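>>> Quick one, structure for this:
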Amino acid sequence: MITRYAGQSERSCARREKMTHLYNDQTAKHYAAFRPELHGLILRRLIRPREHFQIGLDIGCGTGYSAVALTDHCDWVFGLEPSQPMLDEATVHPRVSYANGGGDDLSVLSKERFDVISFAGSLCYAKTDQLKLELLRTIEPDGLVLVYDFQVLLEDLVTRLGVSCPAATSQYNYTENLGDWPEFATEVAETDRVKLELSIREISHILLADSDRYASFQELFRDADPFDCLTKQIQQQDREPQLHAEIYFSRHSLV
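Predicted structure coming up:
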């Protein structure tokens with residue numbers, strides 16, 4: 001279920017434009033086609049075995065991977081995403097409803113309070129004083145805020161493929177959490193590295209899910225389909241590429 005809301009704030013619109021730049025129609029399709037199965041793994045590290053929640057909210061849900069992963073621990077999940085191209089590719093799930101918007105205005109949702117709120121690779125974009133006020137207004141007194149992210153380590157592979165492109169998210173902080181907000185107590189804050197078991201086609205989707213890398217590969221392969229060309233080139237150069245990901249995760253409760 002996807003709901004679109006009008007009347008967003010100017011700040012929300014600015015964030016939506018930024019996210020639309022990062023994830024346009026082309027890259028959103030590759031993002032939706034494959035993401036490493038890390039959301040569930042990380043959530044299981046943050047949520048205790050017998051913990052279960054009634055209503056969850058995933059802010060910056062993208063194409064729905066993180067919102068769907070949260071349904072393993074919730075009866076119902078709301079997914080909020082500022083990029084319309086991402087929402088257009090969102091995974092349909094019977095216990096997830098999606099809305100177009102950002103974390104600085106949670107009044108666009110049909111639910112007033114949440115038992116758990118998650119940020120999967122989105123807090124760095126969303127973290128503002130207004131977000132803090134919205135979290136304090138909508139989180140249940142015994143609720144949790146879960147913040148996590150992961151970074152697939154692609155630099156060596158991209159170099160071997162002969163592409164040089166600037167990091168689109170050079171100011172991005174994968175370790176961003178709520179540790180500097182005194183209204184929240186940090187229960188967990190950890191980093192780890194995991195090995196990924198990926199096919200070459202899955203690696204190609206990851207590479208092309210970033211707009212700057214997509215443009216670089218599109219320029220390299222000119223008029224050809226960058227996905228097909230990239231898949232063939234990886235296979236020729238490295239039949240079994242080994243990739244790892246850094247994962248970052250934290251758990252916060254109200255003080």
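>>> Quick one: residues contacting residue 65.
Residue 65 is in contact with 35, 39, 91, 120, counting by Cβ atoms under 8 Å, 6 or more residues apart in numbering. Bear in mind the C-beta positions are built from the backbone N, C-alpha and C, glycine included.
>>> What about the nearest residue to residue 237 once chain neighbours are set aside, how many residues nearby?
Excluding its sequence neighbours, the residue lying closest to residue 237 (Cβ to Cβ, 6 or more residues apart in numbering) is residue 160, at 6.0 Å. Neighbourhood size, residue 160 [other Cβ atoms under 10 Å]: 13.
>>> Residue 160 touches residue 233, doesn't it?
No - counting by Cβ atoms under 8 Å, residue 233 is not a contact partner of residue 160; they are 9.5 Å apart.
>>> any idea which helix or strand comes after the lowest-mean-pLDDT helix or strand in the chain?
Here the helix or strand of the chain ranked lowest by mean pLDDT, DSSP states H and E is helix 10-22, holding a mean of 45. Sequence-wise, the next helix or strand beyond helix 10-22 is helix 25-33, with elements assigned using DSSP states H and E.
>>> Would you mind extracting the C-alpha trace of that following helix into PDB?
What follows is helix 25-33, C-alpha atoms only, in PDB (Å, rounded to 0.1, in the frame of the first residue of the first chain):
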ATOM      1  CA  ASP A  25      14.400   6.100 -11.900                       C
ATOM      2  CA  GLN A  26      17.300   4.100 -13.300                       C
ATOM      3  CA  THR A  27      19.200   3.600 -10.100                       C
ATOM      4  CA  ALA A  28      16.100   2.900  -8.100                       C
ATOM      5  CA  LYS A  29      15.300  -0.100 -10.300                       C
ATOM      6  CA  HIS A  30      18.800  -1.500  -9.600                       C
ATOM      7  CA  TYR A  31      18.300  -0.700  -5.900                       C
ATOM      8  CA  ALA A  32      15.000  -2.500  -5.900                       C
ATOM      9  CA  ALA A  33      16.400  -5.500  -7.900                       C
END
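>>> neighbouring contacts of the next helix or strand after it?
Moving toward the C-terminus from helix 25-33, the next helix or strand (DSSP H and E) is helix 39-46. Under the contact criterion Cβ under 8 Å, 6+ apart, helix 39-46 has outside partners 65-66, 69-70, 72-73, 118, 120, 146, 148, 150, 188, 190, 194, 247, 249-251.
>>> hmm, try it at 7 Å
Under the criterion Cβ atoms under 7 Å, 6 or more residues apart in numbering, residues 65-66, 69-70, 72-73, 120, 146, 148, 188, 247, 249, 251 lie in contact with helix 39-46.
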